[in-house]
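1. Here is the input, now give the coordinates:
(one chain, ligands or ions: 1)
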Amino acid sequence: MKLIEGAPIAEVVYRECETSFAELKAAGHLPGLAVVLVGDDPASKAYVGSKDRKCRELGLHSVKIEKPADISQGDLLAVIDELNADEAIHGILVQMPLPRHLDEEEVIRRIDPAKDVDGLHPVNLGKLAMDDPTGFAPCTPSGCQRMLLESGIETEGKHVVIVGRSLLVGKSLALLLMGKGKGANATVTVAHSRTKDLPSLTRQADILVAAIGIPHFIGPDHLKEGAVVIDVGINRIDDPASKSGSRLVGDVDFEAVKDKCEAITPVPGGVGRMTIAMLMANTIRACRLKVGL
Ligand code: NAD
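-> Residues are numbered from 1 along each chain as shown. Now for the predicted structure:
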């Protein structure tokens, strides 16, 4: 079994970012990312903190905008409008989920598609569906594709079964992998909560992607011998043996399936490492596209 770790692959992406960043800087341009955080959910705060840290490490201009949980929809849209107009900002990310009284879709639609480095604006999702490389693909699915590419796992002609149909992960990854070009050309099946007899479907997969949000959901009965497994899930479970009383696990029961797989991503230390790397790459590309470099 080969372990597909996220850190070394994320490093490859960061080295590319550094080269691209240096070229931009030499031409007098500084890529800028703005991350908007509404409320004080600890997990969201931690994600925003790591995005801000990574921007600073790479030398990007980073703006963190924190707003109270009771901000009105109108005030939040005004924040987006300001960022859309800000010449120093090339990428805008609004940390999801937003408090329930806010309309996430309207917020995403308000972001200038040229600054939508999270790739969730309808224009960018449309470009993804059309194989148009001028758009931005969502970061986690792009990270999964990059992991397959960098690990030398052929996708062309392979049957990929993705469990989970969210726009953020499953549906977007399906579009990426069924597209044309390197790291794509796969035959993709998307399964979800209403799929009947899931194990008989997932056992047909050469590559199985789990994006479900249920700890240890995928076990050996879901896999054929020699399958490649990409575990997108990040779930916190109780663990009295750990210092904090909890730990992170994936949607795949790693210990139970590892001997049956050809390759597998761990949790933590797998796909999660790629998401921020792809966000940095998208922000730098947004800046290049803006300045025509
Ligand atoms: P989501 O809740 O939006 O979607 C979950 C999907 O799983 C749904 O499409 C649902 O139909 C499907 N599903 C639920 N129960 C099922 C069942 N019994 N059988 C088959 N399908 C079932 O979640 P999401 O945003 O797509 O996230 C999925 C997981 O990935 C979560 O654990 C999340 O934390 C993780 N995640 C990780 C990253 C990362 O950076 N690694 C990024 C985003 C999400």
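2. Stretch 202-222 close to the ligand?
-> Yes. Using CB under 6 Å from any ligand atom, we find that stretch 202-222 touches the ligand at 211-214. Glycine gets a C-beta too; all of them are placed from N, C-alpha and C.
3. Just the closest of those residues to Pro113, please.
-> Comparing the residues of stretch 202-222 next to the ligand against Pro113 with CB to CB picks out Ala211 as the nearest, at 24.2 Å.
4. Touching, that closest one and Val161? I think so.
-> No. Under the criterion of CB atoms under 8 Å, Ala211 is not in contact with Val161, lying 11.2 Å apart.
5. just to revisit the earlier point, which among the residues of stretch 202-222 next to the ligand count as buried?
-> Neighbour-count burial (16 or more other CB atoms under 10 Å) is assigned, among those, to 211-212.
6. Make a markdown table out of the residues of stretch 202-222 next to the ligand and add pLDDT and secondary structure.
-> Below are the residues of stretch 202-222 next to the ligand laid out as a markdown table (pLDDT from 0 to 100; DSSP: H, G, I helix; E, B strand; the rest coil):
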| residue | pLDDT | secondary structure |
| --- | --- | --- |
| Ala211 | 98 | coil |
| Ile212 | 98 | coil |
| Gly213 | 98 | coil |
| Ile214 | 98 | coil |
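7. Dump the residues of stretch 202-222 next to the ligand to JSON lines, plus distance to Ala129.
-> As requested, those are exported to JSON lines (distance: CB to CB, whole Å):
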{"residue": "Ala211", "distance to Ala129": "18"}
{"residue": "Ile212", "distance to Ala129": "23"}
{"residue": "Gly213", "distance to Ala129": "24"}
{"residue": "Ile214", "distance to Ala129": "28"}
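8. Show me the two of the residues of stretch 202-222 next to the ligand that sit farthest apart.
-> Largest separation among the residues of stretch 202-222 next to the ligand by CB to CB: Ala211 and Ile214, giving 10.5 Å.
9. Val123 in helix, strand or coil?
-> State at Val123, reduced to three classes by DSSP: H, G, I helix; E, B strand; the rest coil: helix.
10. residues near it, how many?
-> Summarising burial for Val123: neighbours were counted as other CB atoms under 10 Å, giving 17.
11. repeat for the one 5 residues further on
-> Here the neighbour count serves as a burial measure; for Leu128 (other CB under 10 Å) it reads 22.
12. my guess is it contacts Pro122, does it?
-> No. Using CB under 8 Å, Leu128 and Pro122 do not qualify as a contacting pair, with a distance of 10.4 Å.
13. so who does Ala137 touch?
-> Residues in contact with Ala137 (CB atoms under 8 Å, 6 or more residues apart in numbering) are 119, 124, 128, 172, 176.
14. what helix or strand does the third one sit in?
-> Leu128 belongs to helix 122-129 when assigned by DSSP states H and E.
15. who's in contact with the following helix or strand past that helix?
-> Following helix 122-129 in sequence order, the next helix or strand is helix 139-150 (DSSP H and E). Helix 139-150 is contacted from outside by 4, 6, 9-10, 12-13, 117-119, 155, 168-169, 172-173, 176-177, 182-184, 207, 209, 228, 230, 232, 265, 270-271, 273-279, 281-282, using CB under 8 Å, 6+ apart.
16. Identify those among those that sit within strands.
-> With strands taken from DSSP state E, the overlap with the contacts of helix 139-150 comprises 207, 209, 228, 230.
17. re the thing from before, what residues do Ala211 and Ile214 have in common as contacts?
-> With contacts defined as CB under 8 Å, 6+ apart, the residues shared by Ala211 and Ile214 are 233, 251.
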